[in-house]
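[1] Quick check, what structure comes out for this input:
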Amino acid sequence: MSAIKKFAGQTAIYGFTTVITRFLNFFLTPIYVGLYSPKVYGIFSVMYSWASMLNALLAFGMETTYFRYLNKYENDKQKVYNNTFFTVLMLALVFLLFSVLFVNDLAAWMQMGNTFDPDYARYINYFIYILVLDALAVIPFAKLRADGRPLRYSFIKVVNILTFVGFNLLFIFVFPLIIKQNLYGVEFISSWYREGWVGYVFISNLIASLITLLFLLPELFKLTLSYDFALLKEMFVYSLPVLIANISFIINENIDKIFLGQLLPPEISEQEVGIYAACCKIAIFLSIFINAFRLGAEPFFFSHAKNKNSGETYAKIMNYFVIAVCMIFVLLVANIELLKYFIKGKDAAEQAIYWSGLKIVPILLFAYVSLGIYINLSIWYKLSDQTRYGLYISGIGAVLTIVLNLIFIPKYSYLASAWISLAAYTVMMVLSYFWGQRNYPIPYNLKKNFMYLLTSVCIVFVAFVVFDRNLVVGNALFLIFTGTIIFVERKELKAIFGLK
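    Here you go, the predicted structure:
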């Protein structure tokens, strides 16, 4: 159990950091929805959806490749570090060179069918530089994780989000207060400040990304100007399917918001995107745990791969993971009547518009459950150097997402997007399990994991539909579910915590 304890300890640190960063980011949601109309919030959401896809492209799958090749070439770690970083650097520079030439064309295309906003070109410019700075931070952050330095990793991530939140508050509250109260600096601020301008969100992000890269300078200074082209060729063979798989995954995560903006009538499209994006924020609590798990799991799984009992360890981790996501799933749905206040609008009418989308939250949450299990399962093709399967699985998921959204969004709007996300992630989860058992068998306890999933779904249905989101009933069902799990898993829990 020592390996699992080590994994749990590092994941706890990443989890604590992820909770802090996501909470602070989530803290901005009620501010945004209170300040911006659903239409304007839709613009914000679409821009970040595009940024997510481009982030994956610029990283080129090199984060996973870095972990894998550290494991394969334990005596050439510096060479692996140099190769992965300079690959990302070159891609980022090429992207920067070509993208700035077509900013106005991109702005016109993104607003096709809507009233043209000249500020769109400025938003895109900000995002270009944000994407480049974030790309340059990918491998240094991966190095911190591989070196077993979760505290430094966490510190820099917290600095990033504090900077982002701090500048948001400065632009949204402090500067307007200075102008209103005629305080020191009012003349300078009044000369350029635009109250309620969404561009300040993007400027805050740009400043935070720059400061993050400055904090990573000690890792950047460890680079040496050497490049192994023979190793690079081998890395590309491994990373190209990972890149395409990552892009497909990002498509699954974000293309629905883009399609909602493009396929719905212009008079409602941005509002529908805003409702969907705001309600998605509630599902972020489950996403926090999944992201924390991924941060700890990837370097751990690679470093543990050569151990004789690695398969049994991976199976146990899967069991605990399923238990955790099912408990979080039930807990969030049980308390949705409280969580909905994070997306409260400016007035009762606007609040009702946002809350009209709450029916999709349980669907999105279970989609995240399926996604988390898929991320756990996906280690088999990364460890066995069969990354093409990641391409196949994510590609199938992306095709399902694109085709089904194109068919159903015009009729069912964001409700279709929620169900399609669940369907795509479930298909990916099932495919990964069956292909993995054929090519890299791991002794997962399928029966127990399935029963936990089925039970959690039944509890959520009862709490959300039958008892109409009643807080008391929902939390009572959660406590019964938790108590049952503790009883069933008591022997394993005693072994982990060293209890007799």
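
[2] so which strand or helix has residue 248?
    Taking DSSP states H and E as the definition, one finds residue 248 inside helix 229-263.

[3] what's that helix packed up against?
    helix 38-59, helix 62-72, helix 77-99, helix 266-280, helix 388-439 (3 or more CB pairs under 8 Å, 6 or more residues apart in numbering; DSSP states H and E). In short, each C-beta sits where N, CA and C put it, glycine included.

[4] so can I have JSON lines of the ones you listed showing mean neighbour count, distance to residue 13 and mean pLDDT?
    Rendered in JSON lines, the data for the helices and strands packed on helix 229-263 read as follows (neighbours: other CB atoms under 10 Å; distance: least, CB to CB, whole Å; pLDDT from 0 to 100):
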{"stretch": "helix 38-59", "mean neighbour count": "20", "distance to residue 13": "23", "mean pLDDT": "72"}
{"stretch": "helix 62-72", "mean neighbour count": "23", "distance to residue 13": "18", "mean pLDDT": "84"}
{"stretch": "helix 77-99", "mean neighbour count": "18", "distance to residue 13": "22", "mean pLDDT": "90"}
{"stretch": "helix 266-280", "mean neighbour count": "23", "distance to residue 13": "26", "mean pLDDT": "80"}
{"stretch": "helix 388-439", "mean neighbour count": "19", "distance to residue 13": "27", "mean pLDDT": "91"}
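
[5] so where's the stretch 201-350 of the chain shaky on pLDDT?
    Regions of the stretch 201-350 of the chain meeting the criterion pLDDT under 70 cover residues 344-347.

[6] I'd like the distance from the residue lying farthest from the centre of the chain to residue 314, if you could.
    Most distant from the centre of the chain: residue 182, at 41.3 Å, with distances by CA atoms, centre = their mean. In this structure, residue 182 lies at 63 Å from residue 314, with CB to CB, to the nearest Å as the measure.

[7] just residue 304 next, same as before
    Residue 304 sits 8 Å away from residue 314, going by CB to CB.

[8] now do residue 492
    The span separating residue 492 from residue 314 equals 15 Å under the rule CB to CB.

[9] circling back: what's the angle from the helix holding residue 248 to helix 266-280?
    Calculated by axes from the mean of the first three to the mean of the last three CA atoms, to 10 degrees, helix 229-263 forms an angle of 120 degrees with helix 266-280.

[10] Kindly state the pLDDT recorded for residue 76?
    The predicted local distance difference test score for residue 76 is 83.

[11] check contacts around it.
    Residue 76 makes contacts with residue 231, as judged by CB atoms under 8 Å, 6 or more residues apart in numbering.

[12] for it, phi and psi?
    Phi and psi for residue 76, reported as degrees, to the nearest 10, are phi -130, psi 40.

[13] and what of residue 185?
    When read as degrees, to the nearest 10, the backbone of residue 185 gives phi 90, psi 0.

[14] What's the local residue count around it?
    A total of 10 residues lie near residue 185 under the criterion other CB atoms under 10 Å.

[15] Now do the contacts for it.
    Contacts were defined as CB under 8 Å, 6+ apart; by that measure residue 185 touches residue 178.

[16] do residue 330 as well
    By CB under 8 Å, 6+ apart, the residues touching residue 330 are 456, 459, 460, 463, 477, 478, 481.

[17] ok, now with 6 Å
    Under the criterion of CB atoms under 6 Å, 6 or more residues apart in numbering, the contact list for residue 330 reads 456, 459, 478, 481.

[18] ok, back up a step: relative to helix 77-99, how tilted is the helix holding residue 248?
    Note on geometry: by the same axes, to 10 degrees, helix 229-263 and helix 77-99 are set 40 degrees apart in direction.

[19] got the contact list for stretch 208-224?
    Contact partners of stretch 208-224, identified using CB under 6 Å, 6+ apart, comprise 82, 85, 130, 133-134, 136-137, 140, 143, 156, 160, 163-164.

[20] Inside helices: which ones of the residues you listed?
    Counting by DSSP state H, the part of the contacts of stretch 208-224 found in helices is 82, 85, 130, 133-134, 136-137, 140, 143, 156, 160, 163-164.

[21] before we move on, back to that, ok, the residue farthest from the centre of the chain to residue 196 distance?
    Spatial separation of residue 182 from residue 196 under the definition CB to CB is 20 Å.

[22] same check, this time on residue 393
    Distance of residue 393 to residue 196, given as CB to CB: 43 Å.

[23] Endpoint to endpoint, stretch 430-446 covers what distance?
    Stretch 430-446 stretches 11 Å from its first residue to its last (CA to CA, to the nearest Å).

[24] right, I mislabeled it, should have said stretch 67-79
    For stretch 67-79, the first and last residues are 13 Å from each other (CA to CA).

[25] Distance from that stretch to the middle of the chain?
    Averaged C-alpha coordinates place stretch 67-79 at 27 Å from its chain's average position (CA atoms, centre = their mean, to the nearest Å).

[26] for stretch 334-349, same thing?
    Taking CA atoms, centre = their mean, one finds stretch 334-349 lying 22 Å from the centre of the chain it belongs to.

[27] Over to residue 226: give its phi and psi.
    Main-chain torsions, residue 226, degrees, to the nearest 10: phi -140, psi 150.

[28] neighbours around it, how many?
    Residues near residue 226, counting by other CB under 10 Å: 10.

[29] Check the gap between it and residue 82 for me.
    Applying CB to CB to residue 226 and residue 82 gives a distance of 6 Å.

[30] same check, this time on residue 202
    Between residue 202 and residue 82 the distance is 32 Å, computed by CB to CB.

[31] next one: residue 196
    Separation of residue 196 from residue 82 (CB to CB): 46 Å.

[32] next one: residue 363
    Counting by CB to CB, the gap between residue 363 and residue 82 amounts to 45 Å.

[33] that older thread, more neighbours: which of residue 492 and residue 314?
    Neighbour comparison, residue 492 and residue 314: the larger count goes to residue 314, with 24 against 15 (by other CB under 10 Å).

[34] Please name the nearest non-neighbouring residue to that one.
    By the measure of CB to CB, 6 or more residues apart in numbering, the closest residue to residue 314 outside its immediate chain neighbours is residue 442, 5.1 Å from it.

[35] quick one: contacts for that neighbour?
    So residue 442 contacts 311, 314, 315 (CB under 6 Å, 6+ apart).

[36] Can you tell me which of these is closest to residue 290?
    Minimum distance to residue 290 across the contacts of residue 442 is 16.6 Å, recorded for residue 314 (CB to CB).

[37] Within the helices and strands, which one has the closest one?
    Applying DSSP H and E, one finds residue 314 within helix 310-334.

[38] what comes up buried for that helix?
    In terms of neighbour count (16 or more other CB atoms under 10 Å), helix 310-334 has its buried residues at 310-311, 313-314, 316-334.

[39] how far is it from where the chain is centred?
    The chain centroid and the centroid of helix 310-334 are separated by 18 Å, computed with CA atoms, centre = their mean.

[40] Stretch 194-201: end-to-end distance?
    Across stretch 194-201, the terminal residues are separated by 12 Å (CA to CA).

[41] sorry, that was for stretch 297-317
    Counting by CA to CA, the length from the leading to the trailing residue of stretch 297-317 is 9 Å.

[42] Tabulate the CA atom coordinates of stretch 156-173 in CSV.
    Only the C-alpha atoms of stretch 156-173 are listed here, as CSV (Å, rounded to 0.1, in the frame of the first residue of the first chain):
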residue,chain,number,x,y,z
ILE,A,156,3.0,28.8,-9.0
LYS,A,157,-0.5,27.7,-9.9
VAL,A,158,-1.9,29.6,-7.0
VAL,A,159,0.1,32.7,-7.9
ASN,A,160,-1.4,32.5,-11.4
ILE,A,161,-5.0,32.4,-10.2
LEU,A,162,-4.5,35.0,-7.6
THR,A,163,-3.0,37.3,-10.2
PHE,A,164,-5.9,36.6,-12.6
VAL,A,165,-8.6,37.1,-9.9
GLY,A,166,-6.8,40.2,-8.4
PHE,A,167,-6.6,42.0,-11.8
ASN,A,168,-10.2,41.1,-12.5
LEU,A,169,-11.3,42.7,-9.2
LEU,A,170,-9.1,45.7,-10.0
PHE,A,171,-10.7,46.3,-13.4
ILE,A,172,-14.3,45.4,-12.3
PHE,A,173,-14.5,47.1,-8.9
